[in-house]
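Novice: with the sequence up front, the predicted model follows.
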Amino acid sequence: MADERFDAVVVGAGPAGSAAAYTMAKAGLKVALIERGEFPGAKNIFGGVIYRRQLEDLIPEFWKEAPLERTVVQQSMWVLGEESAVMLGHHNQRYKDPPNCWTGLRVKFDQWFAGKAEQAGAVPIYETVVTQILRDGERVVGVKTDRDDGELYADIVILADGVNSLLGKQLGIHHEWGPDEVSLAVKEVIALPRQTIQDRFNLEGDEGCTIEIVGQTCQMAGLGFLYTNQDTISLGVGVMVSDLKKARVKPYAVLDGLKQHPMIRKLIRGGEVKEYSGHLIPEGGFNSMPKLAGDGWMVVGDAAQMVNAVHREGTNLAVTSGRLAGETAIEAHKVGHFGVGALDAYTRKIRESIIHKDLKKYRGVHQLLGFGDSSLLFDKMPQALNDAIYNMLLVDGMPKKEKQKKVMRYFREAAGGNAELVRLGMKGWRAMNG
Amino acid sequence: MLHLVVCIKQVPDSREIRIDPKTNTLVRLGVPAIINYYDLHGLEEALRLKDEFGARVTVVSMGPPSAEKALRQCVSMGADEAVLVSDRAFAGADTLATSYVVALTIQKVEERWGTVDIVFCGKQTLDGDTGQVGPGVACRLDIDQLTYVEKLESLDLETREVTVHRHLEDGVERVKARLPVLITALAELNRPRRASLPGILRAARYQPIVWTTNDFPTIDRAKIGLRGSPTIVSKTWVPEPKQVQTEWLPSEDSAAAATALLDHLYSTDLPQKLGWA
């Protein structure tokens, strides 16, 4: 056992854990930050978008020092058909000043962020696995690690141990996630010369773009993504685990399929795959959020299912939840109470925050994904949209009125009749508008 | 009490090294830094002696300020003190200049914490690969050197004799030597330990002692850094991969493949060359 006692132990040095550790250490609390990876970020696959707003609340003007890739000026959504795409996007130079978001690679970003917590005074304990929550009756009093003499005692334990949160299971706040509550994302980082990336994506200097991809995910519920980094491209796809299980398809096969698509293959041509990785992403959203605080503990980030799948926001929810937990710990420390009563303030803060509001708004999306079989939303409808647009733009001598009818037929047939189409539309509307 | 000194070097992780195709030099940018693998075995052996006999273990390193991280790792494993010798004036040192500074450092360590009984080094570094610094230090300290040690058989504190196994090209040499000695470690020597949690906590707060040229009043400036390094790299190149003829032997299953392969091999003069025939 370590002789030292801490005010707080944070388990997991991802963005949620580092945000909590940074907040508390800066306020003078004695904090230990434990990470199982060789270094923070080592276990992360996220190659995605980092937003300004939430992190700025914690570290003003962080973008001047953080390892970010490109400032996103263009965001698109591509709906893929078999050999086609319907593209919807927005490009705006105003996204540069003030910057809205950046592409980033979390292997670098997490190291920087945990480094900020270390500079603020948090004690880093890396390459260390927490194997057990230590309790005194109902009260959480510390953690046990896999190192010799590995017990560490603290007034507060903050669980930021990610989607699989083994400690959350030990606490009994969540069960093993069901296959319909998580998706499996696989990603490749593909190296291309900086200039080539700029030319192919119509970018200048440090400008970047993001593309979200619907369709062509082997008839399963899933989303593809492509983000431009400085001299790499992050290309990946996340698919609901329940669908992977049903279809018995390997996730990399879905990614390989995307890479062959005529819209994608030209963008990555000549690139060298530098990394391949896979990770679970919590998709349960609002309905899967566990109890957030108890006697001596709080849970933040992915471990609390705080991911907005619709807006691919996870990192910023993690940062915000970490900060709120940190602030709660500071208040609790001031008054010297660490029981449910004190730490439940964190649950209230989450309820009042944008995290809760956004996740609540989209709480129906998860049910929508389970609506009938996924091939409708993620394959038949995207293909119908592509066929419809194809016919709209095709000059073949057919009168426009007839053409409109034909176009509607694609959607009707995809949905399986008029009534079904209307029902799907209503469900979709409700899911997206809370 | 026994006083053991371990020399370590922070090196780029060789698993992630790339060669710049234009300059043929190592690309160090963005490559994580680790403790030279063999040095860790030296440290572990010192810590084992500490566990068995009780000892003071002092770790020394020459390098940039970032090497403090490597020294902290040694402290987390159980070293008592760590000294970093760091100064722009030391930069660009070859093995001759490095062993001069390391020897001076060990002498200063002796002045401060008492006579040194054993100096441990790795057999070589992963980035330089020369294996010269350890022997160079032993020469300058005028102590016996036991290189390529794969086993420390015994240490007798009464007679002050150490018995080791040296792994040589044509066999193993069992040698006895009287302290003080310098030992260079092979990977077979031991399995480095994982730091305990109290060790990690101690290391997180530990501030390594940093010495600059000013801490060595008698230092000969003509013998350090680039100036003190007679080594000249005249040319570096990456050897071309050998072109080898590949033959494919298509077959139905693994048994057929094995038969086909053996038939093919016996149709050449290879078995004779290898003495199979």
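Specialist: Nice, I can see it.

Novice: state which strand of chain B is the longest.
Specialist: Using DSSP state E, we find that the single longest strand of chain B is strand B:144-156.

Novice: phi first, then psi, for the residue of the stretch 1-150 of chain B found nearest chain A.
Specialist: Relative to chain A, the nearest point of the stretch 1-150 of chain B is residue B:32 (7.8 Å; C-beta to the nearest C-beta). For the C-beta atoms, the positions are set from N, CA and C on the backbone; glycine is no exception. For residue B:32, the backbone dihedrals (degrees, to the nearest 10) come out as phi -60, psi 150.

Novice: if I look at the spatially closest residue to it that is not a sequence neighbour, what pLDDT would I see?
Specialist: If the residues on either side of it in the chain are set aside, residue B:32 comes closest to residue B:13, at 4.7 Å by C-beta to C-beta, 6 or more residues apart in numbering or on different chains. pLDDT recorded at residue B:13 is 83.

Novice: pretty sure residue B:13 contacts residue B:36?
Specialist: No - between residue B:13 and residue B:36 there is no contact under C-beta atoms under 8 Å: 10.4 Å.

Novice: confidence score at the spatially most central residue of chain B?
Specialist: Nearest residue to the geometric centre of chain B (C-alpha atoms, centre = their mean): residue B:122, 2.7 Å. Note on residue B:122: pLDDT of 95.

Novice: what's the answer for residue A:45, then?
Specialist: 64.

Novice: can you list the residues of chain B near chain A?
Specialist: Contact residues (C-beta under 8 Å from any C-beta of the partner chain) of chain B with chain A: B:32, B:194-198, B:200-201, B:204-205.

Novice: can I get stretch B:43-60 in PDB? Just the C-alpha atoms.
Specialist: The C-alpha trace of stretch B:43-60 is given here as PDB (Å, rounded to 0.1, in the frame of the first residue of the first chain):
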ATOM      1  CA  LEU B  43      19.900  -1.700 -13.400                       C
ATOM      2  CA  GLU B  44      17.900  -4.800 -12.500                       C
ATOM      3  CA  GLU B  45      21.100  -6.700 -11.500                       C
ATOM      4  CA  ALA B  46      22.100  -3.800  -9.300                       C
ATOM      5  CA  LEU B  47      18.600  -3.800  -7.700                       C
ATOM      6  CA  ARG B  48      18.900  -7.600  -7.100                       C
ATOM      7  CA  LEU B  49      22.200  -7.100  -5.300                       C
ATOM      8  CA  LYS B  50      20.500  -4.300  -3.300                       C
ATOM      9  CA  ASP B  51      17.600  -6.700  -2.400                       C
ATOM     10  CA  GLU B  52      20.100  -9.400  -1.300                       C
ATOM     11  CA  PHE B  53      22.900  -7.500   0.400                       C
ATOM     12  CA  GLY B  54      21.600  -4.000   0.900                       C
ATOM     13  CA  ALA B  55      23.200  -1.400  -1.300                       C
ATOM     14  CA  ARG B  56      23.100   2.200  -2.500                       C
ATOM     15  CA  VAL B  57      22.200   2.300  -6.200                       C
ATOM     16  CA  THR B  58      23.000   5.500  -8.100                       C
ATOM     17  CA  VAL B  59      22.000   5.900 -11.700                       C
ATOM     18  CA  VAL B  60      23.900   8.200 -14.000                       C
END
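
Novice: name the nearest residue to residue A:181, sequence neighbours excluded.
Specialist: Leaving aside its sequence neighbours, residue A:181 sits nearest to residue A:284 (C-beta to C-beta, 6+ apart; 3.8 Å).

Novice: isn't the one you found up against residue A:175?
Specialist: No - counting by C-beta under 8 Å, residue A:284 does not reach residue A:175; the two are 11.0 Å apart.

Novice: who has more neighbours out of these two?
Specialist: residue A:284 (20 against 11; other C-beta atoms under 10 Å in any protein chain shown).

Novice: quick check: pLDDT value at the more buried one.
Specialist: Reported pLDDT for residue A:284: 74.

Novice: tell me the contacts of it?
Specialist: Neighbouring residues of residue A:284 by C-beta atoms under 8 Å, 6 or more residues apart in numbering or on different chains: A:177, A:181-182, A:305, A:366.

Novice: and the pLDDT for the spatially closest residue to residue A:194 that is not a sequence neighbour?
Specialist: Distance criterion C-beta to C-beta, 6+ apart; nearest residue to residue A:194, sequence neighbours excluded, is residue A:231 at 4.7 Å. In the prediction, the pLDDT value recorded for residue A:231 is 92.

Novice: tally of neighbours for the residue in the stretch 251-400 of chain A positioned nearest to chain B?
Specialist: Nearest to chain B in the stretch 251-400 of chain A, going by C-beta to the nearest C-beta, is residue A:274, at a distance of 11.2 Å. Look at residue A:274: counted by other C-beta under 10 Å, it has 11 neighbours.

Novice: buried residues, the helix or strand hosting it. List them.
Specialist: Taking DSSP states H and E as the criterion, residue A:274 maps to strand A:272-282. For strand A:272-282, a neighbour-count test (16 or more other C-beta atoms under 10 Å in any protein chain shown) marks A:277, A:279-282 as buried.

Novice: over to stretch B:90-101?
Specialist: Those would be B:90, B:93-95, B:97-101, for stretch B:90-101 by 16+ other C-beta under 10 Å.

Novice: what's the domain layout of the chain?
Specialist: Going with chain A. Following automatic domain parsing, one gets these domains for chain A: A:5-69+A:102-176+A:286-361, A:182-282, A:366-433.

Novice: chain B, not that one
Specialist: For chain B, automatic domain parsing gives the domain ranges B:2-223, B:245-277.

Novice: just the ones you listed: most buried one?
Specialist: Mean neighbour count (mean count of other C-beta atoms under 10 Å in any protein chain shown) peaks for domain B:2-223 among those, with a mean of 18.

Novice: so which residue of the stretch 151-300 of chain A comes closest to chain B?
Specialist: residue A:152 (6.5 Å).

Novice: quick one: contacts for that residue?
Specialist: Counting by C-beta under 8 Å, 6+ apart, residue A:152 has contacts A:2, A:4, A:6, A:9, A:32, A:34, A:125, A:142-145, B:197.

Novice: need the longest helix for chain B.
Specialist: Using DSSP state H, we find that the single longest helix of chain B is helix B:95-113.

Novice: just checking, next helix/strand downstream of that one?
Specialist: strand B:118-122.

Novice: now, which of the contacts of residue A:152 sits nearest residue B:242?
Specialist: When the contacts of residue A:152 are ranked by distance to residue B:242 (C-beta to C-beta), residue A:125 comes first, at 47.6 Å.

Novice: quickly find the element holding residue 230.
Specialist: This is for chain A. Per DSSP H and E, there is no helix or strand for residue A:230.

Novice: wrong one, I was asking about chain B
Specialist: Residue B:230 is part of no helix or strand when elements are defined by DSSP H and E.

Novice: residue B:100 is in contact with that one, correct?
Specialist: No - using C-beta under 8 Å as the test, residue B:230 is too far from residue B:100 to be in contact (11.9 Å).

Novice: what residues does stretch B:121-128 touch?
Specialist: Contacts of stretch B:121-128 (C-beta under 8 Å, 6+ apart): B:6-9, B:11-12, B:14, B:26, B:36-42, B:95, B:130-131, B:133-134, B:137, B:147-148, B:182-186.

Novice: without its sequence neighbours, what residue ends up closest to the residue in chain A positioned nearest to chain B?
Specialist: Nearest to chain B, among the residues of chain A, is residue A:148, at 3.9 Å (C-beta to the nearest C-beta). Of all residues not flanking residue A:148 in the chain, residue B:196 sits nearest, at 3.9 Å (C-beta to C-beta, 6+ apart).

Novice: list the contacts for that neighbour?
Specialist: A:147-150.

Novice: what are the phi and psi angles of residue A:198?
Specialist: Residue torsions, per degrees, to the nearest 10, at residue A:198 are phi -60, psi -40.

Novice: the nearest residue to it once chain neighbours are set aside: how many residues sit nearby?
Specialist: Nearest residue to residue A:198, sequence neighbours excluded (C-beta to C-beta, 6+ apart): residue A:204, at 6.5 Å. Residue A:204 has 8 neighbouring residues, counting by other C-beta under 10 Å.
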